[in-house]
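J.: This is the structure alone, sequence omitted:
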């Protein structure tokens, strides 16, 4: 009997000792709470719905087993390193308001006890939310804000998966340069003098102001003449005076940075005033939402917009096509640049937590700083995800890249997006010049 009791005590002691060797978080974590802060109402609500749907789809895949998808997070039900803990998204609406965004971040941290944050689309809101996360040592991943300054602040708890506007704006000027060199599919070389004059109008927030400055910088560097550079109040009720000012300098190309409601109003006003530039380019955002396309229809034929995802990518990249089909079943339309980036942002969150095997902030930080995700797993056509950890810029994905698309009409008269840049990935001949209004 004594031997049995002794053996029992030994077994219990051994089990207790073994339990101590297993990280406490492995036993305790049943769900990983990610606070997601997007503009779900207001002038950018259309983009907010896209962002929300993209993040939701990524979470659905991460919390299920979908072996048909060549994606690590689709192979396990939940986070494998945390014994199947599920991803729970807690959405908040910042309404495009930086102060509200910061308050929501504090509530998510203190009241909801989130393990991290994803957001926020508007660079101005991302700026204040990330400052709150930095203050409290809470990891934040940004998938869709493109103001370059966000990753030049030396923050240790902020990582951005998307390319930023320095790269996107440089792409535009490389494209214009290529247009003069005969590199654009379907267009003979255009004389530089025919497209030298530019005019820009950007909304006056953190994002738009930075885009405006970048356009000035690259215009000078590439030898273009920026005749007019305007900043206008976001969510404007009338843009007539701005369009008159742009038209007055007779630019060959008009360049815009606008959220959805302003982008739609800008185009309607351009049409009313019969603007006739040879090129119109939008810095993504409002120029790429489904509402922009459905509201304006054939009026946007020939417009250019930068992006990170165009449905044509799905024709050459299997995983993009598979996820795009799932997204279409969920929403009724294709992935956009916004939804593809929010999907990728949440996918990065899943991979980082899987690598960390923990929800401790320090473990997540270490995992984020060392993660290397292959581009073959992503819906976007990037080399992958790898964050900068030294130098002036911290937390920027150095494996990301951009594309330029053009709205064209297909054989049935539907508005579709074709790739025109990079030149070697072009999916159709470019329409040049614009037909005008």
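T.: On my side now, so go ahead. Here the structure is a predicted model, which is why all the values come from computation and not from measurement.

J.: Can you show me the strands along this protein?
T.: Per DSSP state E, the chain carries strands over the ranges 31-38, 86-93, 116-119, 140-142, 158-160, 197-203, 225-232, 253-257, 279-282, 304-307, 373-374, 384-385, 403-409, 415-421.

J.: what distance separates the start and the end of stretch 384-392?
T.: In stretch 384-392, first residue to last residue: 21 Å (CA to CA, to the nearest Å).

J.: which residues are in contact with that stretch?
T.: With CB atoms under 8 Å, 6 or more residues apart in numbering as the test, stretch 384-392 has contacts from 151-152, 159, 161, 344, 348, 351, 368-369, 371-375, 377-378, 394-400. Where you see a C-beta, it was placed from the backbone N, CA and C, and this is true even at glycine.

J.: domain assignment for this structure?
T.: For the chain, automatic domain parsing gives the domain ranges 24-163+315-385, 166-307+402-425.

J.: With respect to burial, which of these scores highest?
T.: Across those, averaging neighbours per residue (mean count of other CB atoms under 10 Å) puts domain 24-163+315-385 on top, at a mean of 21.

J.: mind checking how far that domain is from the chain centre?
T.: Averaging C-alpha positions (CA atoms, centre = their mean, to the nearest Å) puts domain 24-163+315-385 10 Å from its chain's average.

J.: Who are the contact partners of the closest residue in space to residue 399 that isn't next to it in sequence?
T.: In this structure, residue 399 finds its nearest non-sequential neighbour in residue 383, 4.0 Å apart by CB to CB, 6 or more residues apart in numbering. Shown in contact with residue 383 (CB under 8 Å, 6+ apart): 375, 399, 400, 401.

J.: same check, this time on residue 401
T.: Contacts for residue 401 (CB under 8 Å, 6+ apart) come out as 163, 167, 308, 381, 382, 383.

J.: And the furthest pair within these?
T.: Greatest spacing in the contacts of residue 401, by CB to CB: 167 and 381 (13.8 Å).

J.: Could you check how far the residue nearest the centre of the chain is from residue 170?
T.: Among the residues of the chain, the one closest to the centroid is residue 144, at 2.9 Å (CA atoms, centre = their mean). According to CB to CB, to the nearest Å, residue 144 and residue 170 sit 19 Å apart.

J.: Which stretches in the stretch 251-400 of the chain count as helices?
T.: 260-272, 290-296, 313-316, 318-331, 337-356, 361-370 (DSSP state H, counting those that start in this stretch).

J.: which secondary structure elements does the second one contact?
T.: The one in question is helix 290-296. Helices and strands touching helix 290-296, by 3 or more CB pairs under 8 Å, 6 or more residues apart in numbering; DSSP states H and E, are helix 45-62, helix 260-272.

J.: Just name whatever secondary elements the longest one is in contact with.
T.: This points to helix 45-62. strand 31-38, strand 86-93, helix 260-272, helix 290-296, helix 318-331, helix 337-356.

J.: With the last one instead?
T.: The contact analysis (3+ CB pairs under 8 Å, 6+ apart) places helix 260-272 against helix 45-62, helix 240-247, strand 253-257, helix 290-296.

J.: Give the rounded mean pLDDT of it.
T.: The average pLDDT for helix 260-272 rounds to 95.

J.: Off-centre distance for it?
T.: Centroid separation between helix 260-272 and its chain, computed with CA atoms, centre = their mean, is 23 Å.

J.: hang on, the earlier thing: for my notes, please list the helices and strands packed on helix 290-296 in TSV and give distance to residue 210 for each entry.
T.: Listed next are those as TSV, based on distance: least, CB to CB, whole Å:
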stretch	distance to residue 210
helix 45-62	18
helix 260-272	16
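
J.: Nearest to residue 205 among these would be which one?
T.: helix 260-272 (10.7 Å).

J.: Next one: the residue nearest to residue 99 when sequence neighbours are not counted from residue 190, what distance?
T.: Sequence neighbours aside, residue 128 is the residue nearest to residue 99 in space, at 6.9 Å (criterion: CB to CB, 6+ apart). Computed as CB to CB, the residue 128 to residue 190 distance reads 43 Å.

J.: circling back: with distance to residue 437 as new columns, can the domains of the chain be given to me in a markdown table?
T.: Output for those, formatted as a markdown table (distance: least, CB to CB, whole Å):
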| stretch | distance to residue 437 |
| --- | --- |
| domain 24-163+315-385 | 23 |
| domain 166-307+402-425 | 4 |
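
J.: Tell me which residues touch residue 65, please.
T.: The contact partners of residue 65, taken as CB under 8 Å, 6+ apart, are 74, 75, 76, 77.

J.: out of those residues, who's nearest residue 186?
T.: residue 74 (38.1 Å).

J.: I'd like the distance from the closest one to residue 315, if you could.
T.: 21 Å.

J.: do the same with residue 424
T.: From residue 424 over to residue 315 the distance is 15 Å, taken as CB to CB.

J.: got CSV for the contacts of residue 383, with pLDDT and distance to residue 258 too?
T.: Listed next are the contacts of residue 383 as CSV, based on pLDDT from 0 to 100; distance: CB to CB, whole Å:
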residue, pLDDT, distance to residue 258
375, 94, 30
399, 95, 28
400, 94, 23
401, 90, 23
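
J.: Which one of the residues you listed is nearest to residue 277?
T.: Distance to residue 277 across these (CB to CB) is lowest for residue 401, with 27.0 Å.
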